[in-house]
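[1] Whatever this is, show me its structure:
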Amino acid sequence: MSGSPLREPRFRRFIVGHGISLLGDQFYFTALLWVSLRATGSATTAGFVLTTATLPRALLMLAGGVLVDRAGSRRVILVADVIRAAVMVTAAVAAGTGAFGVVALFAVAAVFGVVDAAVHPATGAIIPRLVEADALTAANGIRMMVLRLSSVLVPPVAGVLLAAGRVGWLFLANAATFVASFLAVRSIGLPPPARGSKPRRFLADLLVGLRYAARQPVLATLLPVSAVVAATFGVLTNAGLPLLAHRNGWGAAGFGLLVGGFGAGAVAGSGVHGLRLWRRPFTGGLILACMATQAGFFAVMPMVRVLAPAVAMQVAIGFLTGFTGGPLVSLVQAAATEETLGRVMSLHSLTVVGFVPIAFGVGGILADAAGVAALFVGGAAVEAAACIVGMLFTPVRTATPQSLSPGKVSVSLK
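    Numbers count the residues shown, from 1 in each chain. Next up is the predicted model:
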């Protein structure tokens with residue numbers, strides 16, 4: 001077994017640049033919500049701004065995967081950093097002159113949504129090219145840990161800048177993070193992406209990726225299961241927790257503690273792999289068992305009326321989320337061929353973030369119709385059922401990143 005992936009200079013440079021860009025992402029989303037609410041005073045407008053930022057990402061995610069396989073993950077990230085830095089500098093100038101209004105806000109959200117559709121699969125596709133297979137889970141664990149830390153640390157800093165009316169400075173800080181990411185990724189030397197013997201049309205390349213995922217035994221099961229788990233998890237965490245805090249009279253402070261507990265647990269869970277504290281093979285069956293356990297915690301949540309144990313349960317849920325996140329991504333990466341890695345990672349990204357906005361709406365309707373308790377119990381049952389179905393398939397149950405042999409499945413268009 002190799003040592004820490006941080007000993008690999010290329011991965012070390014990547015994770016520094018990527019971590020800085022994640023700080024920029026958090027600055028961006030915090031500013032997006034605040035500026036939209038301050039400019040219009042309308043929660044509806046703020047919701048439409050978020051939709052503008054997330055809908056293009058979901059609609060174009062698969063196309064982004066094709067682009068990654070054609071142009072290379074490194075090149076896609078570099079171009080994306082240039083675009084995002086330029087947009088943020090322009091927004092900072094507009095904010096400084098008082099010209100940054102609602103139209104500009106929607107434009108920024110749309111551009112970032114389109115760019116994110118390529119950045120997500122590019123980020124997932126570049127990591128396997130930087131580390132050995134037995135260091136893949138640790139590398140993804142480090143990335144997940146950095147992601148969770150940025151989501152905890154950045155919003156308070158962004159809030160201070162926004163409260164002081166320094167929107168332009170916030171945009172400039174965001175631009176600086178993308179410049180730093182560009183410089184770090186540019187220093188990484190990677191060979192050009194592998195290409196087929198005959199060039200294909202864009203749609204044909206997309207279909208090749210879909211067919212590969214449908215025929216690869218682990219991906220054909222794991223991706224749909226991940227989609228169900230991500231959707232139910234998103235509903236229960238983002239829609240269910242505020243409703244639960246309101247029902248139990250915990251207020252905004254209580255809700256904040258629930259979210260903070262989850263974040264702390266997620267950092268710890270991902271850190272187990274990032275710091276290589278877990279050295280045993282992490283199979284698909286173990287991933288699904290942890291997810292099913294997480295569903296059990298969700299089912300019990302509405303029965304807890306005292307805040308302290310509820311926060312403790314959120315710590316446990318967060319830990320399981322972080323604990324399984326790195327190994328899950330590693331399985332998906334290992335199951336792909338080098339030629340289809342971008343498209344496979346775009347499918348994975350779509351299952352994680354693409355269906356969540358739809359699930360939010362469904363979750364709100366179900367909560368109004370059946371109540372908060374039914375929402376949690378029903379969502380947990382769906383999540384657990386998906387995990388049980390996944391464990392019925394031996395290739396998924398026994399799979400590890402080291403054991404998978406991509407390339408055995410035909411991806412011919414014939």
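[2] Could you tell me the model confidence score at Val372?
    Val372 is assigned 86 on the pLDDT scale.
[3] Give me the distance between it and Ser150.
    30 Å (C-beta to C-beta, to the nearest Å). From N, CA and C alone the C-beta is placed, and that goes for glycine too.
[4] now swap in Ala381 and tell me
    Applying C-beta to C-beta to Ala381 and Ser150 gives a distance of 33 Å.
[5] more crowded one of the two?
    Each of Ala381 and Ser150 has its neighbours counted (other C-beta atoms under 10 Å); Ser150 has more, 20 against 14.
[6] check which helix or strand covers the more buried one.
    Element membership of Ser150, judged by DSSP states H and E, is helix 136-163.
[7] export the helix or strand following that helix as PDB, just CAs?
    Later in the chain than helix 136-163, the nearest helix or strand by DSSP H and E is helix 167-186. Only the C-alpha atoms of helix 167-186 are listed here, as PDB (Å, rounded to 0.1, in the frame of the first residue of the first chain):
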ATOM      1  CA  VAL A 167     -19.800  43.000  -1.800                       C
ATOM      2  CA  GLY A 168     -17.200  44.200  -4.300                       C
ATOM      3  CA  TRP A 169     -14.400  43.000  -2.100                       C
ATOM      4  CA  LEU A 170     -16.100  39.700  -1.700                       C
ATOM      5  CA  PHE A 171     -16.300  39.300  -5.400                       C
ATOM      6  CA  LEU A 172     -12.600  40.200  -5.700                       C
ATOM      7  CA  ALA A 173     -11.600  37.700  -3.100                       C
ATOM      8  CA  ASN A 174     -13.600  35.100  -5.000                       C
ATOM      9  CA  ALA A 175     -11.700  36.000  -8.200                       C
ATOM     10  CA  ALA A 176      -8.400  35.700  -6.400                       C
ATOM     11  CA  THR A 177      -9.300  32.100  -5.400                       C
ATOM     12  CA  PHE A 178      -9.900  31.100  -9.000                       C
ATOM     13  CA  VAL A 179      -6.600  32.700 -10.100                       C
ATOM     14  CA  ALA A 180      -4.800  30.700  -7.400                       C
ATOM     15  CA  SER A 181      -6.500  27.500  -8.600                       C
ATOM     16  CA  PHE A 182      -5.500  28.300 -12.200                       C
ATOM     17  CA  LEU A 183      -1.800  28.700 -11.200                       C
ATOM     18  CA  ALA A 184      -1.800  25.500  -9.100                       C
ATOM     19  CA  VAL A 185      -3.500  23.300 -11.800                       C
ATOM     20  CA  ARG A 186      -1.400  24.800 -14.600                       C
END
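[8] Next, the angle from helix 167-186 to helix 136-163.
    160 degrees (axes from the mean of the first three to the mean of the last three C-alpha atoms, to 10 degrees).
[9] What helix or strand is Leu277 located in?
    Going by DSSP H and E, Leu277 is not in any helix or strand.
[10] before we move on, what about Val396?
    With DSSP H and E as the test, Val396 turns up in helix 394-398.
[11] same check, this time on Ile126
    helix 102-126.
[12] Using neighbour counts, pick out the buried residues of that helix.
    104-106, 108-109, 111-126 (16 or more other C-beta atoms under 10 Å).
[13] ok, which stretches of this protein are strands?
    Assigned by DSSP state E, the strands in the chain number zero.
[14] pLDDT weak spots in it?
    1-3, 41-44, 165, 194-199, 355-361, 363-364, 405-414 (pLDDT under 70).
[15] Domains in it, by residue range?
    1-185, 201-403 (automatic domain parsing).
[16] Point out the one among these that comes closest to Pro193.
    domain 1-185 (4.4 Å; C-beta to C-beta).
[17] Off-centre distance for the closest one?
    Relative to the chain's own centre, domain 1-185 is displaced by 11 Å; criterion: C-alpha atoms, centre = their mean, to the nearest Å.
[18] got the contact list for Val267?
    By C-beta atoms under 8 Å, 6 or more residues apart in numbering, the residues touching Val267 are Met145, Arg148, Leu149, Val152, Gly318, Gly322.
[19] ok, the residues you listed vs Ala163, which is closest?
    Using C-beta to C-beta, the contacts of Val267 come closest to Ala163 at Val152, 18.6 Å.
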